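Q: need the 3D shape of this:
(2 chains)
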Amino acid sequence: MTSGDDLSAERLRKRDLWVSRGHPAYPHHFPDRVPSAQIREDLKDTPPGGSREDLRRRVAGRLRAIRQHGKTAFIPLEDQSGEIQLFLRVDDLGEAEYARVLDVLDPGDIVGAEGVPTRTRRGEPSLRVLSLQLLAKAIRPPPEKWHGLKDPELRLRQRYVDLLSSPEVRRRFEARSAVIRELRTHLDGLGFLEVETPILNRTASGGLARPFRTHYNYLEEDFSLRIALELHLKRLLVGGFEKVYEIGKVFRNEDMDSLHSPEFTMLELYWAYSDYRDMMGLVEGLFPRLAGAAAPYLSPEKARELEEAFRPPWARLDFLEALEKESGTSGIMDRPREELVRWARDLGLAVREDSTVGTSLDKLFGHYVEPKLRRPTFVMDHPLETTPLAKRHREKPGRVERFELFYRGFELCNAYTELNDPDDQEARFRDQLRDRPKDALEGDEETYGYDADFVEALRFGMPPASGIGIGIDRLCMVLLGAESVKDVILFPPTRKPGSRGDVSAPP
RNA sequence: GGGCCUGUAGCUCAGUCGGUAGAGCAGGCGGCUCUUAACCGCAAGGUCCAGGGUUCGAAUCCCUGCAGGCCCGCCA
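A: The predicted model follows:
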């Protein structure tokens, strides 16, 4: 009688009962409602046992429990603003109506109610209900009221159940939204223009990643989903826009773990007539604002910790100096490629025999330095080979003007003075192609794709500029204290369901 | 890709040495006019992830697979 199917059957029976009494099963609207928080506000100065007879309020939301006491009932109702208790009495509704209402209600149902704001004798802010209607019957029961939905698999596969049963989860995504809103407000205030550029591209470039492939029927060509926003935004600098940014999804056809999602949100920003030092100033101004936006959603201790951590100025480390110091080795730049590759491989780092100087140094840096960067730290002036889209350093030979921001051992953003010399850009693209491993498949390899049209754009003249990319998901992890990137993504990708929880099959 | 762990009622979880499957919540019936994880009584509810094997007998032991988690590796 109470297997899953039977629970649904019971709820359907109640819905039909409600309909058979002349009510619509799924009414079209519920006008003039106020947030439940308004009723709490109404009762701010009302003592226990008192009520606001001068008011009639309408609220709507999901029922979290039903506590029946014979001729009274207490029914906590939740909406986005919080919770308010519905207080039902035979004295208010009459025997018949009281029974009719309670006959059809279950936890999880969405109802609308009208009544008088009232504080119970115990002082709980409530709405003493004069009329109530079902707005949407929940055919499936909600998760256990005290523990909620714990199963990590179901929480991802059926995020809506996770959300409807856990205000804290909803709150985390409200916080994410608040952070992104603040990001926009801040950048708009600095005069940046938000733009949208194509997701489907002939060549996936501007980053180092394996792209998703798709077919564009109209153009009769295979396209890639973008792996970065960079090259289109720089085309806009050529076009005369001086401060632009985009917040959007990028797609990298790679593994997922607690720090990586194949589909993730990225901010990229380009700023004409500035260099990477100007950009550091922008970041130091931005992050404290974002920490401030996240603060109301955090414990006071966490909020203070963030505020202190991101108070500028932050530490600045020269890439090579840091690597030489932490590894206890000098003259790294003078060493031949083979020696660096051997060094990295001897440490057990995943570096191919035919790997480049840049990759080897990157891996060595990741091994020796990155884990130590707990407080916000700018790592600056990377070796040239690591970064084909950055401008050569004006003073340090063999290096580029670039910085990455590290915090708690992982990268939060990546910025550089942009390369705007078309000949240098063309040569650097070619170097990338040449260094590509011999067994790489065309279009399926992780390399900076050669974008000839981008080089052509540079030939029209791009102003000197700096640019930055910020991984929004990681940023939210840091600001909201999430352990996994899945915790800040509403609907992370999941594998085809196994034998449990298969909700993808049509009936 | 490697190692470890998990999968039992709609939900949260027990299940001993291999011997008929357990609780709480939710649901049903009854009681109760101020509860808030309401309470009290009664009855009901199972593809023990799937498939195979060992055994007189498997939720339990073995193998394979599926899904998930953690660590490592890979990957900006």
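Q: can you count the residues close to the residue of the stretch 301-450 of chain A found nearest RNA strand B?
A: Closest contact between the stretch 301-450 of chain A and RNA strand B, by C-beta to the nearest atom of the strand, is at residue A:350 (2.2 Å). To be clear about C-beta, it is placed using only N, CA and C from the backbone, and glycine gets the same treatment. Neighbour count of residue A:350, defined by other C-beta atoms under 10 Å: 9.
Q: can you check residue A:22 too?
A: 6.
Q: let me know the secondary structure of it.
A: At residue A:22, secondary structure determined by DSSP: H, G, I helix; E, B strand; the rest coil is coil.
Q: okay, now the domains of chain A?
A: Taking automatic domain parsing as the criterion, chain A consists of the domains A:4-141, A:163-314+A:375-488.
Q: and the helix ranked longest in chain A, what's its mean pLDDT?
A: Secondary structure of chain A per DSSP state H: the longest helix is helix A:167-189. Per-region confidence: helix A:167-189 scores 96 on mean pLDDT.
Q: strand partners of the next helix or strand after that helix, parallel vs antiparallel please.
A: Once helix A:167-189 ends, the next helix or strand along the chain (criterion: DSSP states H and E) is strand A:193-194. Paired neighbours of strand A:193-194 in the sheet (DSSP bridges): strand A:243-251 (parallel).
Q: run the contact check for the strand it pairs with versus RNA strand B.
A: No: in terms of C-beta under 7 Å from any atom of the strand, no part of strand A:243-251 sits within range of RNA strand B; the closest distance is 8.4 Å.
Q: hmm, who's touching that strand?
A: The contact list for strand A:243-251 (C-beta atoms under 8 Å, 6 or more residues apart in numbering) reads A:180, A:183-184, A:187, A:190-197, A:199, A:207, A:211-212, A:225-229, A:233, A:236-237, A:262-272, A:472.
Q: for ChimeraX, what selects the buried ones among the residues you listed?
A: With 16 or more other C-beta atoms under 10 Å as the criterion, this ChimeraX line picks the buried residues out of these:
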select /A:180,183,187,192,197,199,207,211,212,225,226,227,228,229,233,236,237,262,263,264,265,266,267,268,269,270,271,272,472
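Q: give me the next element, helix or strand, following the biggest strand by length in chain A.
A: Across chain A, the longest stretch assigned as strand under DSSP state E is strand A:125-136. Where DSSP H and E defines the elements, the next helix or strand beyond strand A:125-136 is helix A:152-157.
Q: what's that next one packed up against?
A: helix A:159-165 (3 or more C-beta pairs under 8 Å, 6 or more residues apart in numbering; DSSP states H and E).
Q: show me what the helix it packs on is packed against.
A: Going by 3+ C-beta pairs under 8 Å, 6+ apart, helix A:159-165 lies up against helix A:152-157, helix A:167-189.
Q: nearest to residue A:300, out of those helices?
A: The closest of the helices and strands packed on helix A:159-165 to residue A:300 is helix A:167-189. By C-beta to C-beta, the value is 14.9 Å.
Q: contact partners for residue A:193?
A: A:241, A:243, A:244, A:245.
Q: tally up the residues packed near residue A:7, please.
A: Neighbour tally, residue A:7, other C-beta under 10 Å: 15.
Q: mind listing the helices for the stretch 401-507 of chain A?
A: Taking DSSP state H, counting those that start in this stretch as the test, the helices found in the stretch 401-507 of chain A are A:422-435, A:452-459, A:472-480.
Q: buried sites along the shortest one?
A: Of the residues in helix A:452-459, those buried by neighbour count under the rule 16+ other C-beta under 10 Å are A:454, A:455, A:457, A:458.
Q: cool, and stretch A:71-87?
A: Going by 16+ other C-beta under 10 Å, stretch A:71-87 has these buried residues: A:73-79, A:81, A:83-87.
Q: farthest pair in those residues?
A: The farthest-apart pair in the buried residues of stretch A:71-87, when distances are taken by C-beta to C-beta, is A:73 and A:81, at 22.6 Å.
Q: any bit of stretch A:310-325 sitting next to RNA strand B?
A: No: Stretch A:310-325 does not reach RNA strand B (C-beta under 7 Å from any atom of the strand); its nearest approach is 10.3 Å.
Q: how far is that stretch from where the chain is centred?
A: Between the centre of stretch A:310-325 and the centre of its chain there are 28 Å (C-alpha atoms, centre = their mean, to the nearest Å).
Q: show me what that stretch is in contact with.
A: Applying C-beta under 8 Å, 6+ apart, the external contacts of stretch A:310-325 come out as A:280, A:284-285, A:287-288, A:291, A:329-330, A:332-333, A:361, A:364-365, A:368-369, A:373, A:375-383, A:399, A:403, A:405.
Q: quick one: mean pLDDT over it.
A: 91.
Q: low-confidence ranges in the stretch 301-450 of chain A?
A: Residue ranges of the stretch 301-450 of chain A with pLDDT under 70: A:434-448.
Q: what does it put close to RNA strand B?
A: Residues of the stretch 301-450 of chain A lying near RNA strand B (C-beta under 7 Å from any atom of the strand): A:349, A:350, A:362, A:366, A:404, A:411, A:414, A:446.
Q: so how do I select the buried members of those residues in ChimeraX?
A: For the buried members of those, the matching ChimeraX selection, counting by 16+ other C-beta under 10 Å, is:
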select /A:349,362,404,411,414,446
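Q: before we move on, the earlier item: could you tell me the least trusted of the domains of chain A?
A: When I compare these, domain A:163-314+A:375-488 is least confident, with a mean of 90.
Q: just how off-centre is that domain within its chain?
A: The answer for domain A:163-314+A:375-488 is 14 Å, by C-alpha atoms, centre = their mean.
Q: and residue A:210, which of the three is it?
A: The three-state label given to residue A:210 by three-state DSSP is coil.
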